[in-house]
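Undergrad: Here is a sequence with its predicted model. Questions after.
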Amino acid sequence: MPSLRGVSTRPRTAVTSWTRLEPGGSLSVPGVVVHPQNGLIVYALPREGPIRRSSDGGATWTDLSPNSPRNVTALKIDPQSPNVLYAQTFNGPVPFKSVDGGRTWTGIGQGLAPEVRVRELVIDPVFPQRLYLTQATSSAGRGFFRSLDGGATWAPLASGLGGGLPVLLGAVPGRPQSDLFGTVQGRLYRSVDGGQTWLEVGPELPKPIVPTLAVTGHGLFLGTYQGVYRSTDGGTSWVLGSRGLNGNFVRGLAAGSSLVAGTQNSGLFASEDGGAAWRRLPLEGLAPQDTPLVLGPVVFPPGDPQRIYVSVDQGIARSEDAGASWSISSIDSLWAEKIVVDPTHSDVLYVAGNTMAPGPYVTGQVICGLQKSVDGGRSWSCLRDRLPGGEISVLALDPRQPSTLYARVANALYRSADGGGSWQLLPSFPLELAPRALAFPPGNPATIYSGVYGGVARSTNGGQTWTRFTRGLPEHDAILDVEIDPVEPATLYAMSSASGVFKSTDAGKTWTFLGPGLEGTFAETLRLDPQDRSTLYVATRGSGVLKLTQQRGGAADSAPTASDPHR
């Protein structure tokens, strides 16, 4: 079953970096599910053994219960009653249900075809007692079932799709019941009567349809092998992307002489008109012919708007002419998740990342996960041995003191005052204050802001102690990125993992919501336009680049507009 199948009204997970978690048991964990209301509660689905649960964001794990199902391939959580869980097992003929958070389980197979594998289970997001389920059978209609009582009983539905059985994409919220979407033989179908009848929609869509569907404040978005299409009329008609930008999975976003977006496998794009139109930047010579180029973070060095650094799966690519031509330097196949550049010397940069690249250049050797270059990326020195082992999940450079670096390893924060030559462990802090992003206001060199779980934290003594501000921010949500207005440093912007973007005009003490439009997106990066400080951009996985322009006085002019494949 494709891992992205289903409608997402909020991201399941949203992180800027990864730290290895140890749920125990089998090292193969094909599925992870996050509690919809408390991001610290995580369920892991090991390839072998019972479901495991963490209540502290993955730091520790326990078996969910001795009688929990084994070899679970999918876990669904009731969006309105999160203690109600549904589990689907490998080749299992019936799903299992728990109404007490997983302590006890019962099989719910009354009315289903016996000894036939469950293929998909979908919960109606508005009326979660209404469930839909398909079983792996080629008999027309016989493998499609509906339950109106939370799975206690099931009744077959005649799909009305000839000899095909729908591959369920998900349910889009609606009344009196949600619309169902599914594909049959690569074509898109919709049911508005709970699966009783189906009608093909989107005749303009290229075939086959990729089994992914998402809904945001901008409408419905559907993946195809020719790009991402958007519908604003409930799926009746669809329109392909904005002019010029083909990729919807944006891995990097930077604002300098232009707005530049690095996409997954689709290339690097630049826009000079705030995202209304895009042009592909030439990247010839950065990858072997016919090899997809995987792009990562994109950085414009401050004060050098013609230079661009971008992470590629072979190293770091550098352009001196705003993307017209490129050179590349290898960093031992390190996949650079983070790039920071000295604002006073654009040849000095630091990269941190995974020791296994996502492209075809993995060699298996031990790779240094933190490296420094003083010649624009032409050569590198390793700094990793000066920090303890573990994933570097945050790397930040203080632009007020460019030789000062901060690095988060596990849940500890380290500071270097000599460009990574030596590191000082800062005082420990509670897990919820572990930084997810750091921002440095101009002026007072001792003040730092950090995005944390449930708020934004501020330190006025260089990270020795922190105060968390939560007023106006979502209680059960992580702040993944913080931007500071360079002219009015008391004005801050914070991007949450699931609730959108917020603004503070009093140095983080109180916050206001800037408007809808990010629901259901996997937000990656928040950027304030340096040329127009009323404009914000958000890079996402799956929803391209979103743009929000504020009116004078700071109110949002509208919900974020799609400056991506979804216009």
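TA: Arrived safely. Numbers count the residues shown, from 1 in each chain.
Undergrad: The closest residue in space to Thr535 that isn't next to it in sequence: how many residues sit nearby?
TA: Residue nearest to Thr535 in three dimensions, not counting chain neighbours: Asp529, with 4.0 Å by CB to CB, 6 or more residues apart in numbering. Quick note: C-beta positions are derived from backbone N, CA and C, even for glycine. Using other CB atoms under 10 Å, Asp529 has 15 other residues around it.
Undergrad: pLDDT score assigned to Asp529?
TA: Note for Asp529: predicted pLDDT of 82.
Undergrad: next one: Pro173
TA: 83.
Undergrad: returning to that earlier point: close enough to count as contact, the residue nearest to Thr535 and Leu536?
TA: Yes: with contact defined as CB atoms under 8 Å, Asp529 reaches Leu536; the gap is 7.2 Å.
Undergrad: quick one on the thing from earlier: against Gly39, how distant is the residue nearest to Thr535?
TA: Between Asp529 and Gly39 the computed distance is 29 Å (CB to CB, to the nearest Å).
Undergrad: again, but for Val456
TA: Using CB to CB, Val456 is found at 16 Å from Gly39.
Undergrad: ok, the two, which is more surrounded?
TA: Per other CB under 10 Å, whichever of Val456 and Gly39 has more neighbours is Val456, with 25 against 20.
Undergrad: hey, where'd the strands end up in the stretch 201-350 of the chain?
TA: Listed in chain order, the strands of the stretch 201-350 of the chain (DSSP state E, counting those that start in this stretch) span 209-216, 219-224, 227-231, 239-240, 250-255, 259-263, 267-271, 279-280, 295-299, 308-312, 315-319, 327-330, 335-341, 349-354.
Undergrad: export those strands to CSV and tack on mean pLDDT, mean neighbour count and distance to Lys76?
TA: Conversion of those to CSV gives the following (pLDDT from 0 to 100; neighbours: other CB atoms under 10 Å; distance: least, CB to CB, whole Å):
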stretch, mean pLDDT, mean neighbour count, distance to Lys76
strand 209-216, 68, 23, 16
strand 219-224, 72, 22, 21
strand 227-231, 68, 22, 25
strand 239-240, 68, 16, 31
strand 250-255, 70, 23, 28
strand 259-263, 76, 27, 31
strand 267-271, 79, 23, 36
strand 279-280, 82, 15, 39
strand 295-299, 80, 24, 32
strand 308-312, 86, 26, 35
strand 315-319, 86, 23, 41
strand 327-330, 82, 15, 44
strand 335-341, 86, 23, 30
strand 349-354, 86, 24, 30
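Undergrad: Could you dump these into CSV with distance to Ala437 added?
TA: Shown next, in CSV, are the strands of the stretch 201-350 of the chain (distance: least, CB to CB, whole Å):
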stretch, distance to Ala437
strand 209-216, 23
strand 219-224, 26
strand 227-231, 27
strand 239-240, 33
strand 250-255, 14
strand 259-263, 19
strand 267-271, 23
strand 279-280, 29
strand 295-299, 13
strand 308-312, 18
strand 315-319, 21
strand 327-330, 27
strand 335-341, 11
strand 349-354, 14
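Undergrad: Arg378 is nearest to which of these?
TA: When the strands of the stretch 201-350 of the chain are compared by CB to CB, strand 327-330 sits nearest Arg378, at 5.5 Å.
Undergrad: Adjacent strands (with direction) for that closest one?
TA: Applying DSSP bridges to the sheet, strand 327-330 is found paired with strand 315-319 (antiparallel).
Undergrad: Give me the residues contacting the strand it pairs with.
TA: Contacts with strand 315-319, where a contact means CB atoms under 8 Å, 6 or more residues apart in numbering, come from 281, 283, 286, 306-311, 325-331, 333-334, 336, 339, 349, 351, 373, 376-377.
Undergrad: Run the chain-centre distance for it.
TA: Centroid separation for strand 315-319 versus its chain: 24 Å, with CA atoms, centre = their mean, to the nearest Å.
Undergrad: Compute the inter-axis angle for that strand and strand 259-263.
TA: Interaxial angle of strand 315-319 relative to strand 259-263 (axes from the mean of the first three to the mean of the last three CA atoms, to 10 degrees): 150 degrees.
Undergrad: low-confidence ranges in the stretch 301-450 of the chain?
TA: Residue ranges of the stretch 301-450 of the chain with pLDDT under 70: 314, 332-333, 354-367.
Undergrad: swap the cut-off to 50 and go again
TA: 356-364 (pLDDT under 50).
Undergrad: Please enumerate the shared neighbours of Asp529 and Leu536.
TA: Counting by CB under 8 Å, 6+ apart, Asp529 and Leu536 have no common neighbour.
Undergrad: same question for stretch 538-551, mean pLDDT?
TA: 74.
Undergrad: For it, buried residues please.
TA: 538-548, 550 (16 or more other CB atoms under 10 Å).
Undergrad: Stretch 392-403 now?
TA: So stretch 392-403, judged by 16+ other CB under 10 Å, has buried residues 392-399, 402.
Undergrad: now do the same end-to-end measure for it.
TA: Stretch 392-403 has an end-to-end distance of 18 Å (criterion: CA to CA, to the nearest Å).
Undergrad: So what touches it?
TA: 16-19, 302, 338, 340-345, 348, 350, 352-353, 369-370, 404-409, 413, 416-419, 435-438, 440, 442-443, 445, 448.
Undergrad: In PyMOL, how would I select the buried members of those?
TA: Per 16+ other CB under 10 Å, the buried members of these correspond to this PyMOL selection:
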select buried, resi 16+17+19+338+340+341+342+343+348+350+352+353+369+370+404+405+406+407+408+409+413+416+419+435+436+437+438+440+448
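Undergrad: Select from the contacts of stretch 392-403 every entry located in helices.
TA: Assigned to helices by DSSP state H, none of those qualify.
Undergrad: can you give me the strands for the stretch 351-500 of the chain?
TA: Listed in chain order, the strands found in the stretch 351-500 of the chain under DSSP E, counting those that start in this stretch are 370-373, 381-382, 392-397, 405-409, 412-416, 424-425, 437-439, 448-452, 455-459, 467-469, 479-484, 492-496.
Undergrad: Is it possible to get a markdown table of the ones you listed that adds distance to Gly143?
TA: Shown next, in a markdown table, are the strands of the stretch 351-500 of the chain (distance: least, CB to CB, whole Å):
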| stretch | distance to Gly143 |
| --- | --- |
| strand 370-373 | 52 |
| strand 381-382 | 55 |
| strand 392-397 | 43 |
| strand 405-409 | 48 |
| strand 412-416 | 51 |
| strand 424-425 | 57 |
| strand 437-439 | 46 |
| strand 448-452 | 45 |
| strand 455-459 | 47 |
| strand 467-469 | 51 |
| strand 479-484 | 40 |
| strand 492-496 | 40 |
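Undergrad: Out of those, which gets nearest to Gly219?
TA: The nearest among the strands of the stretch 351-500 of the chain, by CB to CB, is strand 492-496 at 21.3 Å.
Undergrad: OK, contacts around the nearest residue to Gly31 once chain neighbours are set aside?
TA: In space, and not counting its chain neighbours, Gly31 is closest to Leu45: 3.6 Å by CB to CB, 6+ apart. Contacts for Leu45 (CB under 8 Å, 6+ apart) come out as 29-33, 51, 72-75.
Undergrad: Please state the backbone phi and psi of Leu45?
TA: phi -110, psi 90 (degrees, to the nearest 10).
Undergrad: what about it, distance to Ser271?
TA: The gap separating Leu45 from Ser271 is 40 Å, by CB to CB.
Undergrad: same question, Arg458
TA: When distance is defined by CB to CB, Arg458 is 34 Å away from Ser271.
Undergrad: same thing with Gly195?
TA: Gly195 is 42 Å from Ser271, by CB to CB.
Undergrad: do Leu526 as well
TA: For Leu526, the distance to Ser271 equals 17 Å [CB to CB].
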